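Asks: Let me see the structure of the following:
(chains A and B)
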Amino acid sequence: MLNSSRRRVGRSLSIQRNALETNEAIANKNKRLFGKAFVINFLSSPGSGKTSLLESIVPILKSDGFKPAVIEGDVETDLDKKRIDELDIPAYQIVTNGTCHLDAKMVNGALNNLNRKDADIIFIENVGNLVCPTSFNLGEDIKAVVLSVTEGDDKPLKYPAAFYKSKVMIINKIDLLPFLDSSITKIKENALSVNKDLAIFETFCKKNEKAGNIENNGLSDFISFMENNINSKVSK
Amino acid sequence: MHEFSIALEIVDTLQKNEYLEGVKSVDEIKLNIGKYSGVDKNYLIFAFQNLDDERFKDVLLNFISNDGDEITIQEILVD
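Replies: Modelled structure (predicted):
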């Protein structure tokens, strides 16, 4: 506690307000700007495969007639945006210059620059960090936490906020399971002990995986989940 | 590190709602912080200690915990 020995109290004011009120107000503006587009905020540690996941699912969504767009968040560089540009969809890179998370104001700025007029699904790839991004509502429809099996099965217990606040957990890189001591059963048990309502998908996204093989890399269920949500939001 | 952003937001929220009008110093802030809020209380204290605002230089943070994910300001005590 700061200077706990000192108690010089003049007035006490009851407040009862959200401490992140300003961020929340901008997040609500973002929600309006997103319009009918279904918006997913991807949270994860660095290297879990968020960008690879986008590289795998965007072509499938496009071939199914959907129009994705991406907002990338990184502490430095536009390397991820360059990868997304290869997919020929609208993308915008937020470089936070040291800040460990995206906040609603940064995303609001991105929305002024992202060509999102026709987009029916917008992915926000947050800064790779399982702690800080959980505190900030960006105006998204859902948070989705990506956990690769190489990170260990204890992560949902060690970083519970990301799993508590997410609607979806994607367990990625499952093709590496034979080489690891990580238990996918344990990952699920631990995640569900934090959030019993998590929808869980198991995937891997090796490069050059063809859309025709999606049954094999576990993406088909997640694609269906997204397409149902896009259609449901559009029809509201 | 996001605790700095949260500390600034708390000050901003107090400022915008005019709780700091005529206040010389803020003595204590009572915060309700859920265990799933992703906030490290020690880092938040550190953030307040390093805010560039003299009114908060001796502030005492008093945390009330709950099982959710909210961060709310319950009360401030001011001079």
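
Asks: Tell me the helices and strands packed up against the helix ranked longest in chain A.
Replies: Criterion DSSP state H: the longest helix present in chain A is helix A:219-234. Applying 3 or more Cβ pairs under 8 Å, 6 or more residues apart in numbering or on different chains; DSSP states H and E, one finds that helix A:219-234 contacts strand A:38-44, helix A:50-63, strand A:168-172, strand A:199-202. (Each C-beta comes from the backbone N, C-alpha and C, glycine too.)

Asks: rerun that using 10 Å as the cut-off
Replies: Counting contacts by 3 or more Cβ pairs under 10 Å, 6 or more residues apart in numbering or on different chains; DSSP states H and E, helix A:219-234 is packed against strand A:38-44, helix A:50-63, strand A:121-125, strand A:142-148, strand A:168-172, strand A:199-202, helix A:214-217.

Asks: now the ones you listed as JSON lines including mean neighbour count?
Replies: JSON lines is the format used below for the helices and strands packed on helix A:219-234 (neighbours: other Cβ atoms under 10 Å in any protein chain shown):
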{"stretch": "strand A:38-44", "mean neighbour count": "26"}
{"stretch": "helix A:50-63", "mean neighbour count": "20"}
{"stretch": "strand A:121-125", "mean neighbour count": "26"}
{"stretch": "strand A:142-148", "mean neighbour count": "25"}
{"stretch": "strand A:168-172", "mean neighbour count": "24"}
{"stretch": "strand A:199-202", "mean neighbour count": "18"}
{"stretch": "helix A:214-217", "mean neighbour count": "14"}
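
Asks: want to throw these into JSON lines with distance to chain B?
Replies: Output for those, formatted as JSON lines (distance: least, Cβ to the nearest Cβ, whole Å):
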{"stretch": "strand A:38-44", "distance to chain B": "10"}
{"stretch": "helix A:50-63", "distance to chain B": "18"}
{"stretch": "strand A:121-125", "distance to chain B": "16"}
{"stretch": "strand A:142-148", "distance to chain B": "11"}
{"stretch": "strand A:168-172", "distance to chain B": "15"}
{"stretch": "strand A:199-202", "distance to chain B": "18"}
{"stretch": "helix A:214-217", "distance to chain B": "31"}
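
Asks: Kindly reformat the ones you listed as a markdown table containing mean pLDDT.
Replies: Shown next, in a markdown table, are the helices and strands packed on helix A:219-234 (pLDDT from 0 to 100):
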| stretch | mean pLDDT |
| --- | --- |
| strand A:38-44 | 98 |
| helix A:50-63 | 96 |
| strand A:121-125 | 98 |
| strand A:142-148 | 98 |
| strand A:168-172 | 98 |
| strand A:199-202 | 97 |
| helix A:214-217 | 65 |
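
Asks: what's the burial count for residue A:48?
Replies: Look at residue A:48: counted by other Cβ atoms under 10 Å in any protein chain shown, it has 25 neighbours.

Asks: Would you mind measuring from it to residue A:20?
Replies: As judged by Cβ to Cβ, to the nearest Å, residue A:48 and residue A:20 stand 25 Å apart.

Asks: List the buried residues in the longest helix of chain A.
Replies: By neighbour count on 16 or more other Cβ atoms under 10 Å in any protein chain shown, the buried set for helix A:219-234 is A:219, A:222-223, A:225-227, A:229-230, A:233.

Asks: Show the contacting residues for the residue nearest the centre of chain A.
Replies: By Cα atoms, centre = their mean, chain A has its centre lying nearest to residue A:42, at 1.0 Å. The contact partners of residue A:42, taken as Cβ atoms under 10 Å, 6 or more residues apart in numbering or on different chains, are A:48, A:50-51, A:53-54, A:70, A:73, A:123-126, A:128, A:133, A:140, A:142-146, A:166, A:168, A:170.

Asks: so what does the top helix by length along chain B touch, helix or strand wise?
Replies: Ranked by residue count, the top helix of chain B under DSSP H comes out as helix B:2-16. On a contact count with 3+ Cβ pairs under 10 Å, 6+ apart, helix B:2-16 meets strand A:11-18, helix A:21-34, strand B:26-34, helix B:41-49, strand B:71-78.

Asks: With just CA atoms, put it into PDB.
Replies: Taking C-alpha atoms only, helix B:2-16 is exported to PDB below (Å, rounded to 0.1, in the frame of the first residue of the first chain):
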ATOM      1  CA  HIS B   2      -1.100  -2.300 -18.600                       C
ATOM      2  CA  GLU B   3      -1.500  -1.200 -14.900                       C
ATOM      3  CA  PHE B   4      -0.200   2.200 -16.000                       C
ATOM      4  CA  SER B   5      -3.000   2.500 -18.500                       C
ATOM      5  CA  ILE B   6      -5.500   1.500 -15.900                       C
ATOM      6  CA  ALA B   7      -4.100   4.000 -13.300                       C
ATOM      7  CA  LEU B   8      -4.400   6.800 -16.000                       C
ATOM      8  CA  GLU B   9      -8.000   5.600 -16.800                       C
ATOM      9  CA  ILE B  10      -8.900   5.800 -13.100                       C
ATOM     10  CA  VAL B  11      -7.600   9.300 -12.900                       C
ATOM     11  CA  ASP B  12      -9.300  10.200 -16.100                       C
ATOM     12  CA  THR B  13     -12.600   8.800 -14.900                       C
ATOM     13  CA  LEU B  14     -12.400  10.800 -11.600                       C
ATOM     14  CA  GLN B  15     -11.400  13.900 -13.500                       C
ATOM     15  CA  LYS B  16     -14.200  13.600 -16.200                       C
END
